[in-house]
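> my questions concern the predicted model and sequence given below.
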Amino acid sequence: QKTAYEIYQCDWSSDVCSSDLHRKFHFHRIISRTDVETLMYGSHFVLNVRVKARSGKGDLSLGGRSRPYIHAKYFMKLLLISNSTNAGEPYLKYPMPRIDEFLGSVREVVFVPYAGITFSYAEYEAKVQARFAEYGIKVRSVHRSKDPRRMIREAQAICVGGGNTFALTKKMQEQGLLKAILGKIKAGTPYIGWSAGSNVCCPTICTTNDMPIVEPESFKAIGAVKFQINPHYLDANPEGHAGETREQRILEYITANPRRYVVGLREGCMLHYENGKLELIGSRPMRIFKKGIAPYEVKAGDDLSFLL
């Protein structure tokens, strides 16, 4: 654990005065003095620190506040993937180069396999490990631990696989993993999810495509982002099918939840969040839904700050 972070442009360093920070958080982000002054206020958790100039010019002004805030979202690192596998391709083939790049020097992930239903958690872990091993990444599953929350708290990175979102959420709620994962995300631990693993990063699981095969305590999820994701988004139903389209179902959701954005994330695409910026990765556009606004498309490179 690190008890200080560097303020790069001015070559200053911070003396961390809070033992809570030492115990709970890793801070290794390189940031500028301007960033510190901008991000000190209005966040989700408090860093009770004093920032001192190495040059001896005195404390960095914190506007008279004795308990400065740094915005948690600045530290979040998320890779939210629509689907694990494209049609006709091997398992996890298309997202793995991005996953490897996203993890950087991190070579071990804690895996949450609880969305798996028709195969065992051990089989799921082995399947993911086989692909990750090609990139020198070790996978450790929480189902093997007597204390899954501790395993999450000590994780270098967190990976949540796809499957049934209701089963995943129920198990995570029972083991107290939702809150534990959110705390780790806010502290800067990389989070990777595909399909159901992307759904549970949202405020709720209400825009999943899955059947409710089990009943979780509630629909509340991790809530690391403010918007809802509909993974595997399809534009139309198969020919001859008379049921609702995916768009019609999402329109029902935003009618009942008018303050929430929903993004239709098509297969082969993912959302990357880092350094306070959200970007779409993939060759296909993403569909945006919000009450009172006609659905529209955004593509890779477009500004997505309205979702934050």
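Everything's here; your move.
> measure how buried Ala294 is and give me the count.
7 (other C-beta atoms under 10 Å). For glycine as for every other residue, the C-beta is placed from the backbone atoms N, C-alpha and C.
> so it: helix, strand or coil?
strand (DSSP: H, G, I helix; E, B strand; the rest coil).
> any idea how far Arg150 is from the nearest residue to Tyr91 once chain neighbours are set aside?
Excluding the flanking residues, the one nearest Tyr91 by C-beta to C-beta, 6 or more residues apart in numbering is Thr85, at 5.2 Å. For Thr85, the distance to Arg150 equals 31 Å [C-beta to C-beta, to the nearest Å].
> looking at the two, which is more packed in?
The neighbour count for Thr85 versus Arg150, taken as other C-beta under 10 Å, is higher for Thr85 (18 against 12).
> now for that one: which residues touch it?
Contact analysis of Thr85 by C-beta atoms under 8 Å, 6 or more residues apart in numbering lists 91-94.
> any figure for the gap between it and Val128?
Thr85 is 12 Å from Val128, by C-beta to C-beta.
> need the overlap of contacts for those two.
Counting by C-beta under 8 Å, 6+ apart, the residues touching both Thr85 and Val128 are Leu92.
> now the strands: where do they sit in the stretch 1-150 of the chain?
6-7, 12-15, 50-52, 78-81, 108-112, 138-141 (DSSP state E, counting those that start in this stretch).
> how close does the residue nearest to Tyr91 sit to Leu92?
Applying C-beta to C-beta to Thr85 and Leu92 gives a distance of 6 Å.
> check Leu251 too.
Taken as C-beta to C-beta, the span from Leu251 to Leu92 is 32 Å.
> got it, and Met151?
22 Å.
> that older thread, and of the contacts of Thr85, the nearest to Ile137?
Leu92 (11.3 Å; C-beta to C-beta).
> the closest one touches Ile81, doesn't it?
No - if you go by C-beta atoms under 8 Å, Leu92 and Ile81 don't touch, sitting 9.3 Å apart.
> out of those two, which sits in the busier spot?
Ile81 (27 against 20).
> state the pLDDT value of that one.
If you check Ile81, the pLDDT there is 98.
> surely it touches Gly193?
Yes - with contacts counted by C-beta under 8 Å, Ile81 reaches Gly193, the gap being 6.7 Å.
> in this protein, where is pLDDT below threshold?
Within the chain, the ranges that satisfy pLDDT under 70 run 1-74.
> mind doing that once more with 90?
1-75, 235-244 (pLDDT under 90).
> tell me the centre residue of it?
Against the mean C-alpha coordinate of the chain, by C-alpha atoms, centre = their mean, the closest residue is Leu78 at 3.9 Å.
> ok, Glu134 to Ile99 distance?
Counting by C-beta to C-beta - Glu134 and Ile99 are separated by 11 Å.
> er, Lys170 actually
26 Å.
> list the contacts of stretch 127-143.
90-93, 96, 99-100, 103, 106-114, 119, 121-122, 124-125, 148, 151-152, 159, 161, 175, 177.
> I meant to write stretch 225-233 there.
78, 80-83, 162, 194-196, 198-199, 201-204, 206-209, 246, 250, 253, 260-267, 271, 273, 286-287, 307-308.
> measure the nearest residue to Ala300 once chain neighbours are set aside to Val109 for me?
With C-beta to C-beta, 6+ apart as the criterion, Ala300 has its nearest non-adjacent residue at 4.9 Å, and that residue is Leu280. Note on Leu280: its distance to Val109, by C-beta to C-beta, is 23 Å.
> what of Ile288?
30 Å.
> also Glu297?
In terms of C-beta to C-beta, Glu297 sits 32 Å off from Val109.
> those two: which is more packed in?
Val109 (25 against 11).
> so who does that one touch?
Taking C-beta under 8 Å, 6+ apart, one finds 103, 132, 137-140, 155-159, 192 in contact with Val109.
> of Glu134 and Ile99, which one has the most company?
Neighbours per residue, other C-beta under 10 Å: of Glu134 and Ile99, the larger number sits with Ile99, 22 against 11.
> nearest residue to the more buried one other than its sequence neighbours?
Ile192 (5.9 Å).
> the one you found touches Lys77, doesn't it?
No - using C-beta under 8 Å, Ile192 makes no contact with Lys77, being 9.3 Å away.
> which of the two has more residues huddled nearby?
Shown here are Ile192 and Lys77; by other C-beta under 10 Å, Ile192 has more neighbours (25 against 20).
> sounds good, over and out.
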